Every structure is written in C-alpha cells, then in structure tokens.
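>>> Below are the sequence and a predicted model for it; my questions follow.
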Amino acid sequence: MIKGTYSVHVNHEFQLSPGGNLNINVHSAVKLLDTETFSKIDPFCEVEYQGKKVKTKFLPNAGQNPVWNESFDFIV
C-alpha cells in the first residue's frame, strides 16, 4: 500500500458547531501514481476525522483516475 498526502478542495466555506454533522463526499482522484507493472491499480481513499477512519470501496483495475462518489458522515 502506498500512502500519500493529497490536498482537499472545498467548494464553499463552512463552520462546524458542536452537535452538528459533517458530510464529506469523496468524488474522485486524478493522476494517481501507478504502482502496478502488469495491471491497473486498485485505489481507495481513507478519510479520518477526530480518530474515526472510513474508507471508500476498492475499485479493481480503476487506474489512475478513479471515481468513487461516496459520502461519509461525522458527528462534530
């Protein structure tokens, strides 16, 4: 598994208040590093907020430009 740090783009400003809900939509990635020699990579995305980790589905042979379009909710 290759770990990397990627930037997050927020489409609008928001404020978090205690007792609220944070919804994160993981849409896609572009130009991931191809680490496979004979096949396409099987990427996934991991999101962590205040110690809670969630992962998108693995996308078998999705290549360097995967599209997940998955949403995750965190209580703030």
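Here it is on my side, so go on. Not measured: the values here are computed from a predicted model. Numbering: from 1, shown residues only.

>>> Please count neighbours and contacts with C-alpha atoms only from this point.
OK.

>>> quick one: the strands in this protein?
For the chain, applying DSSP state E gives strands covering 21-28, 46-49, 52-55, 67-75.

>>> what about the closest residue to residue 55 other than its chain neighbours, distance to residue 31?
Setting aside the residues directly before and after it, residue 55 is nearest to residue 46 in space (C-alpha to C-alpha, 6 or more residues apart in numbering), at 4.4 Å. Noted for residue 46: a distance of 17 Å to residue 31, by C-alpha to C-alpha, to the nearest Å.

>>> swap in residue 49?
25 Å.

>>> Compare the two (neighbour count), which wins?
Legend: neighbour count by other C-alpha atoms under 10 Å for residue 49 and residue 31, higher for residue 49 (12 against 9).

>>> so what's the residue nearest the centre of the chain scoring on pLDDT?
Nearest to the geometric centre of the chain sits residue 45, at 3.6 Å (C-alpha atoms, centre = their mean). According to the prediction, residue 45 has pLDDT 87.
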